[in-house]
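S.K.: Give me coordinates for this.
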Amino acid sequence: MKRYEFFVALYFTIYHLKKHKQSFIFYCISFVLPAFIMFTVLFTKSIYWGSETTLLASDGFHQYVNFDTLIRNIFHGTDSLFYSFKGGLGFNVFALMSYYLGSFLTPLTYFFTVQTMADAFYLFTLIKFGLIGLSAFYCMNQLYPSIAKHLVLILSTSYALMSFTTSQLELNNWLDIFILLPLILLGLDRLINKKGLTLYFLTLSYLFIQNYFFGFMTAIFLLLWFFVQTSWHFKERIKRFADFALVSLFSAFTSAFMLLPALFDLSSHGEKAADHFAILSADLSLFDLFAKNMVGSYDTTKYGSIPTIYIGLFPLILALAFFFIKTIKGSVKIAYLLLIVFIIASFIFQPLDLFWQGMHSPNMFLHRYSWVLSIVILMMAAETLSRTKYLTFKSFFPAFVLLGLGFTGVFFSKENYDFLTPAQFILTGLFLTGYGTILFIFFNKGISQKLIISFTLIFTVFELSLNSFFQIEGIENDWNFPSRNVYEDNVKEVDNYVKLADRETSGFFRLEKLFHQTLNDGMKFNYNSISQFSSVKNTLSAELLNALGYYSQGNHAFINYHNNTVLMDSLFSVAYNISSQDPDKFGFQLRKSGKHYSLYKNSYHLPLALMSKGVYNDVKLNSDPLNNQEKIVKELTGVKDRFFTEIPILSSKNGQILNGRTAVTDFKGSQAKVYYNVKVPANSQLYVNLPNISFSNEEERNILLTVKNRKMQQTADDSYYLFNLGHYKQEQLLTFKFDFPNNKTVSYDLPHVYALNLTAYQKAIAQLKDSAVKVSTRGNQIVTSYTAKKKSSLIYTLPYDKGWSAVQSGKKLNIQKAQKGFMKITVKKGQGKITMTFIPQGLYLGILISFLGLFLFILFRFITKNLLGLTRHQETEEL
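M.R.: Purely as a prediction, here's the structure:
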């Protein structure tokens, strides 16, 4: 009997496999095709596994690969999933994850190292393009089973390789959104048609968990899309609005464990909503949308870009034909048209554009919702393909006329579209003609339909491949793909220094490189850092750091360690510098030299927590960083000595002063250079400030400083123009020179030279060290041991965050703001031990809401399922 059952089961298994063999093959192709196309396109740019050129353009290099390395190190136990000290003094990792690290493939970073993370980035990108194609094919195949599989493959590949994904592929985690979107739309269709709620609930919940920013835009789109879908059968489908609203709400509730902490972080530390904006978006031209629908069209992903909407000419032709299908009701066409008009209006009117993006102006990569129009075009194309029996070639004639006129308009407005070359016009014309010929043959049945459909697939794949090539070429010209040598940056040598510093220094300390690749090098090389570049940031602490000389302006996405004083090094626990040459900073002694870099140790670094002379009271800060530094140190220590003194410039050479600015011109036909002479006070660290530098060649902003027969490369990018001239024991005359390579003319406000009184500096540092504060960190905890001579304040050089809690002897302590950006705990006289723990604000409440959302969905699904079953039973009895 058992043997009989086995053979029956085997028979049905083989039968099932044979029946679904063709579908399985197409599913495999839907994954492989876009992945292989991207593999081939990248290979033409010498980008492949282990290649010398990496895929890490723009933010891929500066942010995403470093965040991947950070999460990899967290998986290996070096940090907490809640908090990290590897950038910006310290930051909420949980908030970072909900924007940058929600990818399906993020856990796989565990198996890579910092050296191989560039290859992981490349591999994940190819896999994601494949998954996008697979997801879209599954969705289209389920929604439109009547469409031939080859045509579904055209749609899924067009979706996977639309310009929004290919032109911004370096923003690696954005790709995950497009894996989920087809499944969400399929789930919504099932909800509307009473076929189930679970797929919509699960996929939307995961999108909210994965990326709150795209989740917000998707929520807007889904609301609009629901009402468009009701237009097909309004009386029946509008009744499903309650289900749609409730399940969407349950999804938001279920994802609250990620959404709520992110919301609290944004409301407390994020940038403010845009309050000054124009009515119309800048640089609009009549034929913009046609220009960006041309094959290979790429303008830029920096400022001034036109919305990226290309999804292929064939889907676009089909979508336009949608409006000329007689079997589609007029009300449906109007609904789709209104949706398209609203999206286009969002491109034109800045308030609508900002609304889609949470009322925040993006830092480049503009119109981040433009994929919505591409998806609408795709879905309309699918609707058209599902009605081919009602179509004739004449149905497509208006589409070709409109596109022909639009592309002709672009040609005669070429001055507005300098990014378009003759190649784009020729290719677009050829492919448009090709699709016209294909459709003519198809509807006149001159050739086998299977053959023409197969040829259409090949023709479309060729178009998408060419467009993808031009998108990658555009990224290369716009941002450049860095070499592996640039990425690795002698990683082994730096890693050895970081490990040496960890071994020989107990307690908390920070380390900084004086030649940073990116502002996120701390995350990449696993050391505690001040510098940071992230859209998830603490604006209050960034503003304070900017006031203290660590450059962070605009939306505070950047915090730059460079070009500050040794006083700040001590105050912010900077115990080490890695440099290619002697930094000539007082207190920094050579610890170890290597082939390329050396490690310098600061003997005056302070702990993470500073004990003030009494209860710390905020001091009023101004626009002068050196003055602000002096005020804070005096309030901390009570030292009355003057720290910074401006010293006069005795003479200069090759600098002309005009209207309060110094102009430096090329010297004897070479590059611009200027000499200065000053008298240096004894026992001082010297700095020179060149305010508001303007370069004749903005592409070359490097500065070469020569002082004491040593040449030091300086940078004027995203940092203050305060340059270190070295420290001096004795009074002396000093000459220093600035060279401005590849610049004929440079101008700046009148220069100022400042001397830091090292006697006062040592006195203040000694007093802060005498307070016997010891700090250690582990994961998301800080343990502080102290001895207070009287009631005082512990000032933590960490960003203030409500996620921190402090406990001493079982009693909760109050954590206050210090200078609006740091943390302060007031302690009584005597010895004590404080344990601080970081739990993202709103996490516990979010977890409770998530369980509630999940419970409510299960309950709602149970009720609706039973009600639906009861209704069907009653209908059966009536029959």
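S.K.: Please parse this protein into its domains.
M.R.: Domains of the chain are assigned by automatic domain parsing as 25-54+115-478, 491-637, 644-763.
S.K.: Kindly reformat the ones you listed as TSV and extend each row with mean pLDDT.
M.R.: Shown next, in TSV, are these (pLDDT from 0 to 100):
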stretch	mean pLDDT
domain 25-54+115-478	95
domain 491-637	95
domain 644-763	91
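S.K.: So which of the ones you listed is nearest Gln808?
M.R.: domain 491-637 (13.0 Å; C-beta to C-beta). No exception for glycine: its C-beta is placed from N, CA and C like everyone else's.
S.K.: For the closest residue to Asn683 other than its chain neighbours, list the residues it contacts.
M.R.: Nearest residue to Asn683 in three dimensions, chain neighbours excluded: Leu758, at 4.8 Å (C-beta to C-beta, 6 or more residues apart in numbering). Contacts for Leu758 (C-beta atoms under 8 Å, 6 or more residues apart in numbering) come out as Phe586, Asn683, Ser684, Gln685, His727.
S.K.: Figure out which of the domains of the chain is closest to Gly90.
M.R.: domain 491-637 (8.2 Å).
S.K.: On the three-state scheme, Met294 is what?
M.R.: Recorded secondary structure, Met294: coil (DSSP: H, G, I helix; E, B strand; the rest coil).
S.K.: My read is that it contacts Thr408, right?
M.R.: No. Look at Met294 against Thr408 with C-beta atoms under 8 Å: they stay out of range, at 11.7 Å.
S.K.: which one of those two has more residues nearby?
M.R.: Legend: neighbour count by other C-beta atoms under 10 Å for Met294 and Thr408, higher for Met294 (26 against 14).
S.K.: Return the distance of the more buried one relative to Thr428.
M.R.: 4 Å (C-beta to C-beta, to the nearest Å).
S.K.: ditto for Glu504
M.R.: 63 Å.
S.K.: Give the residue from these two that has the larger number of neighbours.
M.R.: Between Glu504 and Thr428, counted using other C-beta under 10 Å, Thr428 has the larger neighbour count: 23 against 11.
S.K.: Counting neighbours, which bits of the helix or strand hosting that one end up buried?
M.R.: Element membership of Thr428 [criterion: DSSP states H and E] is helix 422-444. Using 16 or more other C-beta atoms under 10 Å as the test for burial, helix 422-444 gives 424-425, 427-429, 431-432, 434-436, 438-439, 441-443.
S.K.: And stretch 550-561, by the same measure?
M.R.: Tyr550, Tyr551, Ser552, Asn555, His556, Ala557, Phe558, Ile559, Asn560, Tyr561.
S.K.: The nearest residue to Phe860 once chain neighbours are set aside: helix or strand, and which one exactly?
M.R.: Nearest-residue entry for Phe860: Leu246, 6.3 Å, with adjacent residues in sequence omitted and distances by C-beta to C-beta, 6+ apart. According to DSSP H and E, Leu246 maps onto helix 241-254.
S.K.: what's the spacing between that helix and its chain's center?
M.R.: 28 Å (C-alpha atoms, centre = their mean, to the nearest Å).
S.K.: Repeat that for stretch 327-339.
M.R.: Worked out by C-alpha atoms, centre = their mean, stretch 327-339 lies 37 Å from the chain centre.
S.K.: Run through who's touching that stretch.
M.R.: 224-225, 227-228, 231-232, 234, 322-323, 376, 380, 383, 387, 390.
S.K.: No more questions from me, cheers.
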